[in-house]
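Trainee: all I have is the shape, not the residue letters:
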């Protein structure tokens, strides 16, 4: 069980770093809103986070 928790923590931290490098602070905010909304079971907050991330992914490259 501790190995699974450690592996998932490493995956989450790595994914956050990839998002931050590629999409900057706005990507981290979107990911934070999405994860908070999922944990709080709030569809509004998780939807806002998902929309922010979708706009970053589909938006024009800078």
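Mentor: Nice, thanks for sending it over. Just so it is clear, the model here is predicted, and its values are computed rather than measured. Numbers count the residues shown, from 1 in each chain.
Trainee: where does the chain dip in pLDDT?
Mentor: Counting by pLDDT under 70, the chain shows low-confidence ranges at 1, 61-62.
Trainee: residue closest to the middle of it?
Mentor: With distances taken as C-alpha atoms, centre = their mean, residue 31 lies nearest the centre of the chain, 2.3 Å away.
Trainee: what strand or helix carries residue 31?
Mentor: Counting by DSSP states H and E, the element that carries residue 31 is helix 2-39.
Trainee: next one: that helix to chain centre, how far?
Mentor: 5 Å (C-alpha atoms, centre = their mean, to the nearest Å).
Trainee: so for the helix or strand just after that helix, what gets flagged as buried?
Mentor: Downstream of helix 2-39, the first helix or strand assigned by DSSP H and E is helix 43-58. Across helix 43-58, burial judged by 16 or more other C-beta atoms under 10 Å covers 45, 46, 48, 49, 50, 52, 53, 56. Where you see a C-beta, it was placed from the backbone N, CA and C, and this is true even at glycine.
Trainee: who's in contact with the first one?
Mentor: Neighbour list for residue 45: 33, 36, 37 [criterion: C-beta atoms under 8 Å, 6 or more residues apart in numbering].
Trainee: which one is the last one nearest to, not counting chain neighbours?
Mentor: Of all residues not flanking residue 37 in the chain, residue 46 sits nearest, at 2.7 Å (C-beta to C-beta, 6 or more residues apart in numbering).
Trainee: quick one, what contacts the one you found?
Mentor: Contacts were defined as C-beta under 8 Å, 6+ apart; by that measure residue 46 touches 33, 34, 36, 37, 38.
Trainee: ok so, going back, closest one to residue 15 out of the buried residues of helix 43-58, please.
Mentor: Of all the buried residues of helix 43-58, the one sitting nearest residue 15 is residue 53; the distance, using C-beta to C-beta, is 11.7 Å.
Trainee: hmm, residue 32 and the closest one touching each other?
Mentor: No: assessed by C-beta atoms under 8 Å, residue 53 is found out of contact with residue 32, at 10.5 Å.
Trainee: one step back: my guess is the residue nearest to the centre of the chain meets residue 19, correct?
Mentor: Yes: Residue 31 sits in contact with residue 19 when judged by C-beta under 8 Å, with a separation of 5.4 Å.
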